[in-house]
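Participant: Fold the following for me, if possible:
(chains A and B)
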2 protein chains.
Amino acid sequence: LAQALYDFTAVSGNNELSIQEGETLTVINWNVGGGWVEAQNSKGQTGLVPEDYIQVRKNIVIIHILSKIHINFFSKAPNPEVYLLSKHLPKQTDRLPIYMGEVGPVWLYPQSQLDCVVADPKKGSKMYGLKSYIEYQITPNSTNRPVNHRYKHFDWLYERLTEKFGCALPIPSLPDKQVTGRFEDEFIKMRMERLQAWMSRMCRHPVVSNSDVFQLFLTYKDEKDWKEGKRKAEKDETAGVMIFSYMDPEVPDLEEQRYETYSRFTRSMDDGVKDLHSVSHLHWKRCTGPLQKEYRHIGKALQNLSSVFNTSGYQGEATLTEALMTTGKIYEEIAEIVAGQPKKDLHYLMETNNEYKGLLGCFPDIIGVQKAAIEKVKDADRLVAMNKIAPQDKHNMAKNLSTMSYAFQAEMNHFHSNRIYDYNRVMQFYLQEQVKFYETIAEKLKQALSQYTNL
Amino acid sequence: LAQALYDFTAVSGNNELSIQEGETLTVINWNVGGGWVEAQNSKGQTGLVPEDYIQVRKNIVIIHILSKIHINFFSKAPNPEVYLLSKHLPKQTDRLPIYMGEVGPVWLYPQSQLDCVVADPKKGSKMYGLKSYIEYQITPNSTNRPVNHRYKHFDWLYERLTEKFGCALPIPSLPDKQVTGRFEDEFIKMRMERLQAWMSRMCRHPVVSNSDVFQLFLTYKDEKDWKEGKRKAEKDETAGVMIFSYMDPEVPDLEEQRYETYSRFTRSMDDGVKDLHSVSHLHWKRCTGPLQKEYRHIGKALQNLSSVFNTSGYQGEATLTEALMTTGKIYEEIAEIVAGQPKKDLHYLMETNNEYKGLLGCFPDIIGVQKAAIEKVKDADRLVAMNKIAPQDKHNMAKNLSTMSYAFQAEMNHFHSNRIYDYNRVMQFYLQEQVKFYETIAEKLKQALSQYTNL
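Facilitator: This next block holds a predicted model:
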């Protein structure tokens, strides 16, 4: 049994199932892949739904920690009114300036790029060994001094960032929380890699990386410093839409923007990324499953033929039997190369896609806030007429809407520039490794070929 | 419904079904591949049986024309007695000498190797177009003068060769007779290629290629010559075991031979060849099925992502979108390269395996004749004691048995030398093409890679 976390409207002809928030579903196939599961609703209708859209009941495992946050935070559709009516002027130290760059509105980027290294996972324990956990070492390039954090601290940071910036910036979810097998080496390695990717992405964001809470996480001096900082961050009242009040576009006010293009883009990219992810998943399974088996079988069949030929008692057999044996062994090697390749290259493409799936999942809400703000400002004339707000308030709302719009565009431009960088890099890496892969196999087969007699 | 043509003993753990000659079976899956079908016996047991071992009932199609011949000819286990007791001395012109070569007994090989080209299939018709057929042009290198033959003439030749030489030499079956779709281009091309392979193999055999009937087939002058030659060949009384009476080993008599090694070798090679054939079949299906589909899907997914990126409205997008589009198109090309490859290389490996399956299928009977002859000679003492044969007859029998054994060894040596040549050549060709295949893909991917910006 699972519960729908959000509305999802099926695209006809895609074997999808429309679901409504709160609806109870039965998952009938978890292994569809590509981020989809097959579910049945109470009317007995079945179809595919995005796995991020549902939450398992009667199960401690929460499929995506993001889901939880979404329920707590976004399910009360954030109302921009409180910000639109505010006249808050940011303090010089807290303000988040927006400039006009070559590509349009942009955030203020720091002179030197923050980054950090997540490494050295260590098992620790509490309560006389009754509770154990993994502690990671995080070393920012700003201080070059390592700090230690457990997964739950990352989770705490994620919650703070989502509360504070979630209305304006996509804060991608952390790697899945996993309860069983938490200490298996493979899992720890994978989680560390994903925490590294998540931290690097946060470091690359000029607004996030410069925030007090993020800096605290990376550079706290001692336990006392950490605890005090934590308490302060938890009391931070700049949550939800109020983040826009710190934003300070140093440019003239903006006309009302249309968000359909952005919605369409992020939705299409989400679909595109999911499709690439799903075929990558299939390809991975094929390489480590049937293809590996098949190349092993070819290898065995050739070696077997070589052994049989060896029993012929015929003279002048040796060259062929040795060549066949070599070829067979090389096909066995190829089986392992084929099965090991996805980990070497496809993995990074899939991780990038996965990160973008996480980022893109945040946009519907971010765009929702913008659209709601436009509606509020449209409604302002009526409110002025009803004497509910002053004409000056209406002017202020329009100005604040312009700020929101600048912030959105600065964020979109940040997103685009990162996207281009990330996909260029990961595709280049993937293709480099694929070229090496095919060249390695060609080289191995040439080696086999050289064993045969030229007739 | 099908009928078992021969006994077949299942190897345990291989999901095989033991069958007995004459038993009625129901074929439940024709598409197992690798020369196997899944069948059910009258007891309801199911399992794999070699498709060559069964014949479909209630159906005009005879799966392998060889089967028919086997029933007519070999099912009355050939009795070598009539030859063993004979004192026939071959005429100088007809004799088939056996020499002692480096590898043991060998046939007399001609100075220049006969070969022929099967080409130019033409549709002809008879009875005012009511019956149509395909005529092939066969040009031997001995005369360089083409002759025309229909499939039924090849079939006639096959029957003559099997009758005349089948007890001593493996005469592989012709390509399958097929009734439906006989005139489709693909089928005609495939049949011609197989007739070419069959003819080349027969040309390479010193005994077969030198025979009157084979020479008639290749070099008849006109219709009259052909008809007269046909009539003469059909009256040829040298059938079955009597072929040994023409064989003339120019070496001392041989001690009694053991045939277990030969049986084991031909059986093991048959298994080995079938295994390689079956994995090749699987691999072919994978390349033209799921792999092609998957590479196409990868290509489409990348092109789709490129199109989505193009709608971002962000500057500096062009290089990445073009690179992604190129990569996507290249993956689509790779899909077609992958799907087209088996036809270019695996095909020849499979055709060679198929030919050897045909040859190896003849050995049980050939070895059976030898074993029966050994038993007869062992029994000769008793026959002498009972005055059924004279002591001189016994001596003669032993001499004839030695001739049979020489003939068998000459044939085994011919088989081995051809096998080494064929497998060396086909593996070399396969690996050359595979190297090219992997290099081509690496080259294509390099081309895609060059489109990305170096960061």
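Participant: Just the helices from chain A, written as ranges.
Facilitator: In order along the chain, chain A carries the following helices (DSSP state H): A:65-69, A:81-84, A:151-165, A:185-204, A:206-209, A:212-219, A:223-235, A:260-286, A:292-310, A:318-344, A:346-360, A:363-385, A:391-449.
Participant: now these as a markdown table including distance to A:A2, mean pLDDT and mean neighbour count?
Facilitator: C-beta coordinates here come from the backbone N, C-alpha and C atoms, glycine included. Compiled in a markdown table, these are given as follows (distance: least, CB to CB, whole Å; pLDDT from 0 to 100; neighbours: other CB atoms under 10 Å in any protein chain shown):
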| stretch | distance to A:A2 | mean pLDDT | mean neighbour count |
| --- | --- | --- | --- |
| helix A:65-69 | 11 | 41 | 19 |
| helix A:81-84 | 34 | 87 | 19 |
| helix A:151-165 | 22 | 95 | 20 |
| helix A:185-204 | 23 | 92 | 17 |
| helix A:206-209 | 32 | 96 | 20 |
| helix A:212-219 | 33 | 96 | 20 |
| helix A:223-235 | 31 | 95 | 13 |
| helix A:260-286 | 19 | 94 | 19 |
| helix A:292-310 | 34 | 96 | 20 |
| helix A:318-344 | 29 | 97 | 19 |
| helix A:346-360 | 19 | 95 | 20 |
| helix A:363-385 | 20 | 90 | 17 |
| helix A:391-449 | 31 | 95 | 20 |
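Participant: nearest to B:G313, of these?
Facilitator: helix A:260-286 (6.9 Å; CB to CB).
Participant: Chain B contacts on the stretch 151-300 of chain A?
Facilitator: Within the stretch 151-300 of chain A, the positions lying close to chain B (CB under 8 Å from any CB of the partner chain) are A:261, A:264-265, A:268-269, A:271-273, A:275-276, A:279-280, A:282-283, A:286, A:290-291, A:294, A:297-298.
Participant: Buried residues, stretch A:93-113. List them.
Facilitator: A:96, A:98, A:103-107, A:109 (16 or more other CB atoms under 10 Å in any protein chain shown).
Participant: is that stretch up against chain B anywhere?
Facilitator: Yes - counting by CB under 8 Å from any CB, chain B has neighbours in stretch A:93-113: A:102-103.
Participant: ends of that stretch, how far apart?
Facilitator: For stretch A:93-113, the separation between the terminal residues is 20 Å (CA to CA, to the nearest Å).
Participant: So which residues on the stretch 1-150 of chain A come close to chain B?
Facilitator: With CB under 8 Å from any CB as the criterion, the stretch 1-150 of chain A comes near chain B at residues A:102-103.
Participant: Contacts only, for the residue of the stretch 1-150 of chain A found nearest chain B.
Facilitator: Among the residues of the stretch 1-150 of chain A, A:V103 lies nearest to chain B; the distance is 5.1 Å by CB to the nearest CB. Residues touching A:V103, when contacts are defined by CB atoms under 8 Å, 6 or more residues apart in numbering or on different chains, comprise A:413, A:416-417, B:314-316.
Participant: what's the answer for A:G22, then?
Facilitator: By CB under 8 Å, 6+ apart, the contact list for A:G22 reads A:3-4.
Participant: For A:Q45, see how far away it is.
Facilitator: With distances taken as CB to CB, to the nearest Å, A:G22 is found 17 Å from A:Q45.
Participant: for A:Y331, same thing?
Facilitator: Here the criterion is CB to CB. By it, A:Y331 lies 48 Å from A:Q45.
Participant: doesn't A:D345 make contact with A:W284?
Facilitator: No - the pair A:W284 and A:D345 fails to qualify as a contact (CB atoms under 8 Å) at a distance of 10.4 Å.
Participant: Tally up the residues packed near A:K122, please.
Facilitator: As a burial measure, A:K122 scores 11 neighbours (other CB atoms under 10 Å in any protein chain shown).
Participant: Please name the spatially closest residue to it (chain neighbours excluded).
Facilitator: A:E135 (5.1 Å; CB to CB, 6 or more residues apart in numbering or on different chains).
Participant: residues contacting that neighbour?
Facilitator: Contact analysis of A:E135 by CB under 8 Å, 6+ apart lists A:121-124, A:148-150.
Participant: who's in contact with the residue nearest to the spatial centre of chain A?
Facilitator: Among the residues of chain A, A:E355 comes closest to the average C-alpha position under CA atoms, centre = their mean, at 2.0 Å. With contact set as CB under 8 Å, 6+ apart, A:E355 has these partners: A:172, A:197-198, A:201, A:422.
Participant: Looking at the residues you listed, which is nearest chain B?
Facilitator: Taking CB to the nearest CB as the measure, chain B lies nearest A:D422 of the contacts of A:E355, at 10.0 Å.
Participant: hang on, the closest one packs against A:N354?
Facilitator: No - using CB under 8 Å, A:D422 is not in contact with A:N354, being 11.7 Å away.
Participant: what sits in contact with each of the two?
Facilitator: Joint contacts of A:D422 and A:N354 (CB under 8 Å, 6+ apart) do not exist.
Participant: for the stretch 1-150 of chain A, what spans make up the strands?
Facilitator: Ranges of strands in the stretch 1-150 of chain A, per DSSP state E, counting those that start in this stretch, are A:2-4, A:24-33, A:36-40, A:46-50, A:54-56, A:96-101, A:104-107, A:116-126, A:131-140, A:147-150.
Participant: Mean confidence (pLDDT) on the fourth one, please.
Facilitator: When you say that, I think you mean strand A:46-50. The pLDDT scores in strand A:46-50 average 84.
Participant: quick one: contacts of that strand?
Facilitator: For strand A:46-50, contacts defined as CB under 8 Å, 6+ apart pick out A:4, A:8, A:10, A:14-17, A:19, A:25, A:28, A:32, A:35-40, A:274.
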